[in-house]
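**Student:** A predicted structure for the sequence below; I have some questions about it.
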Amino acid sequence: MGIRKTAKLVREFLDSDNWKYRYINNKEYISFVGDVHSSHCLSCLRVFITVTDKEVMCYYELPVSAKECLPQMAEFVMRANYGLNTGSFMLDFNDGELRFKVATSHQALEGSPTEEMHRLLYVPMGTIKTYARGIVGVLSGYESAVEAVRKCEEND
Amino acid sequence: MEKKETEAKKETEAKKELTRKKIIAFMEANDWNYDYDENSGVIFSGISLKGYASSLRYCILIKDRIVLNYAVLPFNVKKHVKRVVEYLCRINMHLIYGNFEFDYRDGEIRFKLDTSLDSILTDEYNIGLLIYKPAFTVDSCIKGLVQVMTGIMKPEAAIKLAEKENDEKLKKENDEKEE
């Protein structure tokens, strides 16, 4: 299955689900970029769905930078990721950017587009919501990573 | 309503059973040894890698909607925990499929790969990804991890070394293909 065919499936899902997005068509990949406004403390998330010749990736970019507290945020990310079923938080040690990532294959998306798009788009939203207050707690220095993760998981 | 729920539950169980059979059939066809624990529903397997991680233990869990493969590394981190966590974070930034996890309770490191039940049922390619990807990923970053664990290298330097070695390996493979 090629990039264009998979991208068409992604586009159809986004259109049917009333998503607003920017469409970026490159030689090597096709990207869909949109914004998600949430009710939790990390209110504006940017989402990137990128289709390459090998896979389909979905990244949620969080509107924070952990540059000033990299070791604490790394511990938070590791503790939060431990035991997550779908996807993972990522921390860029170069600039402190936080992301949440889920990936799938062309074959999986072709086999069950709705289910896979749900896994790519909606499961991360739930996970980010669960851990949002903990991320802010660690960023502000009010909570240790261990305490922040514990509270997030208790309240979930 | 209750009848509908029972039917949905039955359908999910049937799907899980079919997924298990497909994974096991793939493993048998590709000469993988495995154990299936009926009580927990977990498929246990493993692979021997050359070099540092002599044995990688696999635990494959089939849940209602997803399949998880945990590849557990054969050592526990007691020293340099912060550095190891930084290394794992840096590695995770490079990965498309799966991520490394660290257990703060006992220092265990594992690689997790998740995929949907439907993807396993629709294409064998996804079973190959579930089984082989963890071994390839661990193999490509194990040397750096050991160097960070033992305090020989800092995480950033270890990542650069791993990148360099993987690029060279890839180039060599491509050259061989072209020949």
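**Tutor:** Thanks, I have the structure now.
**Student:** what's the burial count for A:Val47?
**Tutor:** Counted with other CB atoms under 10 Å in any protein chain shown, residues neighbouring A:Val47 total 20. All C-beta atoms are positioned from the backbone trio N, CA, C, and that covers glycine.
**Student:** wait, I meant B:His80
**Tutor:** 17.
**Student:** with the one 3 residues further on instead?
**Tutor:** Using other CB under 10 Å, B:Arg83 has 19 other residues around it.
**Student:** which secondary structure elements does the helix or strand hosting it contact?
**Tutor:** Per DSSP states H and E: B:Arg83 is located in helix B:81-94. Identification of packing neighbours for helix B:81-94 by 3 or more CB pairs under 8 Å, 6 or more residues apart in numbering or on different chains; DSSP states H and E yields helix A:70-81, strand A:88-91, strand B:99-103, helix B:124-149, helix B:155-178.
**Student:** list the buried residues of the first one.
**Tutor:** By that I understand helix A:70-81. A:70, A:72-81 (16 or more other CB atoms under 10 Å in any protein chain shown).
**Student:** got the residues of chain A near chain B?
**Tutor:** A:54-55, A:57, A:70-71, A:74-75, A:77-79, A:81-83, A:85-88, A:90-93, A:101, A:103-105, A:107-108, A:110-112, A:115-116, A:119, A:146 (CB under 8 Å from any CB of the partner chain).
**Student:** buried ones among those residues?
**Tutor:** Buried, going by 16+ other CB under 10 Å: A:55, A:57, A:70, A:74-75, A:77-79, A:81-82, A:86-88, A:90-93, A:101, A:103-105, A:107-108, A:110-112, A:115-116, A:119, out of those.
**Student:** residues of chain B that sit close to chain A?
**Tutor:** Applying CB under 8 Å from any CB, we find that chain B lies next to chain A at B:63, B:65-66, B:68, B:82, B:85-86, B:88-90, B:92-93, B:96-99, B:101-104, B:112, B:114-116, B:118-119, B:121-123, B:125-126, B:129, B:155-156.
**Student:** go through the chain and flag its longest strand.
**Tutor:** Assuming you mean chain A. In chain A, with assignment by DSSP state E, the single longest strand is strand A:55-65.
**Student:** my question was about chain B, not that one.
**Tutor:** Chain B, longest strand under DSSP E: strand B:66-76.
**Student:** wait, what's in contact with residue 78?
**Tutor:** Because you didn't say which chain, this covers chain A. By CB atoms under 8 Å, 6 or more residues apart in numbering or on different chains, the contact list for A:Met78 reads B:85, B:88-89, B:101-102, B:104.
**Student:** you looked at the wrong chain, it should be chain B
**Tutor:** B:Gly107.
**Student:** tell me the secondary structure at it.
**Tutor:** What DSSP: H, G, I helix; E, B strand; the rest coil gives for B:Lys78 is coil.
**Student:** can you name the residue of chain B nearest to chain A?
**Tutor:** B:Thr122 (2.7 Å; CB to the nearest CB).
**Student:** A:Leu109 is in contact with that residue, correct?
**Tutor:** No: proximity of B:Thr122 to A:Leu109 does not meet the contact threshold set by CB atoms under 8 Å, at 9.6 Å.
**Student:** would you list every one of the helices in chain A?
**Tutor:** A:3-16, A:70-81, A:106-111, A:113-140, A:145-155 (DSSP state H).
**Student:** got the angle between the second one and helix A:113-140?
**Tutor:** This points to helix A:70-81. Helix A:70-81 and helix A:113-140 are oriented at 140 degrees to each other (axes from the mean of the first three to the mean of the last three CA atoms, to 10 degrees).
**Student:** shaky segments in the chain?
**Tutor:** This is for chain A. Counting by pLDDT under 70, chain A contains low-confidence ranges at A:1.
**Student:** look at chain B instead
**Tutor:** In chain B, residues with pLDDT under 70: B:1, B:52-53.
**Student:** so what's the residue nearest to the spatial centre of it closest to, chain neighbours aside?
**Tutor:** Geometric centre of chain B, nearest residue: B:Pro134, 3.0 Å, by CA atoms, centre = their mean. Nearest residue to B:Pro134, sequence neighbours excluded (CB to CB, 6 or more residues apart in numbering or on different chains): B:Ala71, at 3.7 Å.
**Student:** and if you look at A:Ser31?
**Tutor:** Closest to A:Ser31 by CB to CB, 6+ apart is A:Ile24, at 4.1 Å.
**Student:** how far away is the one you found from B:Ala29?
**Tutor:** 40 Å (CB to CB, to the nearest Å).
**Student:** can you check B:Ala14 too?
**Tutor:** Per CB to CB, B:Ala14 is found 22 Å from B:Ala29.
**Student:** may I have the longest strand of chain A as CSV, with CA atoms only?
**Tutor:** Only the C-alpha atoms of strand A:55-65 are listed here, as CSV (Å, rounded to 0.1, in the frame of the first residue of the first chain):
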residue,chain,number,x,y,z
GLU,A,55,4.5,3.8,8.4
VAL,A,56,1.9,6.2,9.7
MET,A,57,2.9,8.3,12.8
CYS,A,58,0.8,10.4,15.0
TYR,A,59,2.5,13.0,17.3
TYR,A,60,0.8,15.2,19.8
GLU,A,61,3.0,18.2,20.6
LEU,A,62,2.5,19.5,24.1
PRO,A,63,2.6,23.3,24.6
VAL,A,64,5.3,23.2,27.2
SER,A,65,9.1,23.1,27.4
